[in-house]
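1. Take a look and give me a structure for this.
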Amino acid sequence: MRKKGKKLFSPGQIRTSAQVKFLTLYCANRLPYPTTIEKIYEAISVDRGFGYFDVVQAVSGLIETGHAEEVSYFGSVLYRTTKRGQAHGAIVERDVPRSVRNKADPKIAALAKSLKLEHMVKTFISAKEPRSEV
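-> Here you go, the predicted structure:
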């Protein structure tokens, strides 16, 4: 079941739920605006050791401990770090393996850039009362 010296499945370096939380916090601390769990997962999905539902559990755990919070933004639920999460994220940043950080940094930077562009222009439709002609 091997291909000339390559493993078919590589479990990755992120294996525990604590490591997923650290990586999630690492990503969220580098984002300028709140974002969805899906976008966080896309930015940190550089390792085969965890999946989408692990990130969902990590965000849930970060909310319970006060490291992250939910914010409502034009009807959608977004997530961002709190001051406590920023302080603790800087401390545990070194617990994320350097190779994983090096792979995730370009994706996080691209997400940060797209969030900046997205938040520059936000359009929505609101109902207005028709003008009455006098």
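
2. quick one, phi psi at residue 79?
-> Per-residue torsions, residue 79: phi -130, psi 140 (degrees, to the nearest 10).

3. ok, it - how many residues close by?
-> 21 (other C-beta atoms under 10 Å). (Each C-beta comes from the backbone N, C-alpha and C, glycine too.)

4. And residue 46, how far from residue 26?
-> Distance of residue 46 to residue 26, given as C-beta to C-beta, to the nearest Å: 12 Å.

5. Show me which of these two is the more surrounded one.
-> Under the criterion of other C-beta under 10 Å, the comparison of residue 46 against residue 26 puts residue 26 first, with 23 against 19.

6. from memory that one sits against residue 93, does it?
-> Yes - applying C-beta atoms under 8 Å as the test, residue 26 and residue 93 come out as touching, 5.7 Å apart.

7. list the contacts for the residue positioned nearest the centre of the chain?
-> With distances taken as C-alpha atoms, centre = their mean, residue 40 lies nearest the centre of the chain, 2.3 Å away. By C-beta atoms under 8 Å, 6 or more residues apart in numbering, residue 40 lies in contact with 24, 27-28, 55, 59, 79.
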